[in-house]
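Quick one: sequence and predicted model below, then my questions.
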Amino acid sequence: MAILVTGGAGYIGSHTCVELLNAGYEVVVCDNYCNSVPEVLERIKQITNKNIAGYDCDIRNRAGLEKIFSENSIEAVIHFAGLKAVGESTREPIMYYDNNISGTVTLLDVMKEYNCKSIVFSSSATVYGNNPIPYEETMVTGDVSNPYGRTKHFIEQILGDVYVSDNEWSISLLRYFNPIGAHESGLIGEDPNGIPNNLMPYISRVAIGKLPQLTVFGGDYDTKDGTCIRDYIHVVDLAKAHLCALNKLKSDPHSIDAYNIGTGIGYSVLDIINAFEDATGQKVNYKIGERRAGDLPAFYANPKKANEVLGWHAERNLHDMCEDTWRFQKNNPNGYKKD
């Protein structure tokens, strides 16, 4: 039996594939490579010395998904595949609703057809909207400020309806905070196509000279230094949370539950820049710009439930996150593209 990882060549997906393979799982990847490259699967094989099956397939492609399920014995799905840039979602909401929501509905329908009813969903802390911080799983969700976050909220609601209709399903909703860092090997990391939408890959590309300057979106928020505060988590810690979620679904099947996957510590944008400079010795050229549409001033997790129920704990600190990011960037100055 294998685990299907949608978006498995992406940033979080690739690190999760490594942890799954190291834990003895067979892994099948489905990815349309809209924000990743097939080379990642070769890197995963190099790290783990294990084989991984890869399919070039969009989750909206029902025939492609049926091929994957017909050719593999899939016992569970970890669902990463989705567009994820807040700013882009405000400019292209239809694209986000089509890709993220329509794709997930197609995936769930094919899972049902093949009697695969166990899924770990890559959700987001954005579902909490304007709730007071720290965010807790008992809070009402849905007051979301951007289309990207709404797609995550809607998918959580869809999964809830699926479970109510058929409680043979086993569903885990992992509400991520802000993953950064890279695998300690320096072989895989965050390498978005085009100009990065996320802070850390932008910082590392400025540090290595690929981009001239970082623009910090807003310096007048009601925070300690005027810049946005987020809960940053090492991507390997986040990847390991998926194994804990899978194990929980095996020990407690026919359930649905949500978990915050974060450190519980809030860092500002300037904190991240300073930590990167301290960890790497590289100066980061930046300026303060206008606020970005859809951004909240601050959010961070209360991860107690994941700690206690899943037995998961974040182990890596901010220095590790910065150091590992820089190692990947130095080893791959052009990302996964050949020099």
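Everything's here; your move.

Just the buried positions in stretch 195-210, please.
For stretch 195-210, a neighbour-count test (16 or more other CB atoms under 10 Å) marks 196-207 as buried. C-beta: built from backbone N, CA, C; applies to glycine.

do the same with stretch 244-257
Within stretch 244-257, the residues that count as buried by 16+ other CB under 10 Å are 244-246, 248-249, 256-257.

could these be laid out in CSV, adding distance to G335 and secondary structure?
As requested, the buried residues of stretch 244-257 are arranged in CSV below (distance: CB to CB, whole Å; DSSP: H, G, I helix; E, B strand; the rest coil):
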residue, distance to G335, secondary structure
C244, 30, helix
A245, 29, helix
L246, 29, helix
K248, 34, helix
L249, 34, helix
I256, 37, strand
D257, 36, strand
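
Can I get the residues you listed in TSV including distance to V28?
Converted to TSV, these look like this (distance: CB to CB, whole Å):
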residue	distance to V28
C244	21
A245	18
L246	14
K248	21
L249	18
I256	24
D257	25
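
Farthest pair within those residues?
For these, the maximum inter-member distance is 16.1 Å, found between C244 and I256 (CB to CB).

Okay, and which of the buried residues of stretch 195-210 map to helices?
Using DSSP state H, the subset of those located in helices is 199-207.

Take the residues you listed and write them to TSV, including pLDDT.
Listed next are those as TSV, based on pLDDT from 0 to 100:
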residue	pLDDT
L199	94
M200	97
P201	95
Y202	96
I203	97
S204	97
R205	96
V206	97
A207	96
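
Report pLDDT for the closest residue in space to H234 that isn't next to it in sequence.
Leaving out its chain neighbours, the residue that sits closest to H234 by CB to CB, 6 or more residues apart in numbering is R316, at 3.7 Å. We have a pLDDT of 97 for R316.

Isn't D143 up against G129?
Yes - when contacts are counted by CB atoms under 8 Å, D143 is listed as touching G129 (3.5 Å).

More neighbours: which of the two?
G129 (20 against 13; other CB atoms under 10 Å).
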